[in-house]
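>>> fold the following and give me the result.
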Amino acid sequence: MATMEQLDEGTWEKFLSAPLAVLMLSKKQCISCTQLNDELSNWLSSGTAPLKARFGKVMLDDPGMSRFKLAQPWISHIDIMPFMAIFVHGERVSEWGGGTLSRLQNKVENFL
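Numbers count the residues shown, from 1 in each chain. Below is the predicted model:
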């Protein structure tokens, strides 16, 4: 069963270098982020999510993520939350702001 990994300063680099990594960028006070996270967590725990993809979340307002933000300068241009990005072997291949679980599922299917 796939799970949502809570990424931190020590885990984000290895996560992004996975063959297929789906990254959710979020903030604590973001209601839309919480809703999508809940939907995504339910999907992941249902056993129907693809096992070939890793799913992870970075809370941008958590302390200690400065190296992540410096290594990913595109993050400073994000204005819609939650923000999703798909990485293939460390290369960002897709990204979008907001959205629904069905949009995420469709994007992931494109890379499987």
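>>> helices of the protein, residue ranges please.
For the chain, the helices identified by DSSP state H occupy 12-16, 31-45, 66-71, 101-111, in order along the chain.
>>> quick one: which of the ones you listed is nearest residue 83?
For residue 83, the closest of these is helix 31-45, at 8.9 Å, according to C-beta to C-beta. For glycine as for every other residue, the C-beta is placed from the backbone atoms N, C-alpha and C.
>>> return the residues in contact with residue 51.
Contacts for residue 51 (C-beta atoms under 8 Å, 6 or more residues apart in numbering) come out as 1-2.
>>> give me the beta-bridge partners of the most centrally placed residue in the chain?
The geometric centre of the chain, computed from its C-alpha atoms, lies nearest to residue 23 (C-alpha atoms, centre = their mean), at 1.7 Å. Using DSSP bridges, the bridge partners assigned to residue 23 are residue 56, residue 85.
>>> closest one to residue 56 among the helices of the chain?
Ranking the helices of the chain by their distance to residue 56 (criterion: C-beta to C-beta) puts helix 12-16 first, at 4.9 Å.
>>> just to revisit the earlier point, most tightly packed of the helices of the chain?
When neighbours are counted by mean count of other C-beta atoms under 10 Å, the highest per-stretch mean among these falls to helix 12-16, a mean of 17.
>>> so for that helix, mean pLDDT?
Here helix 12-16 scores 96 as its mean pLDDT.
>>> and the contacts of it?
With C-beta under 8 Å, 6+ apart as the contact definition, helix 12-16 has outside contacts at 5, 7, 21, 23, 54, 56, 58, 65, 68, 71, 87, 90.
>>> considering those residues, which possesses the most neighbours?
Looking at the contacts of helix 12-16 with neighbours defined as other C-beta atoms under 10 Å, the largest count falls to residue 58 at 27 neighbours.
>>> measure that residue to residue 16 for me?
Using C-beta to C-beta, to the nearest Å, residue 58 is found at 10 Å from residue 16.
>>> which neighbours do those two have in common?
When contacts are counted by C-beta under 8 Å, 6+ apart, residue 58 and residue 16 are jointly contacted by residue 23.
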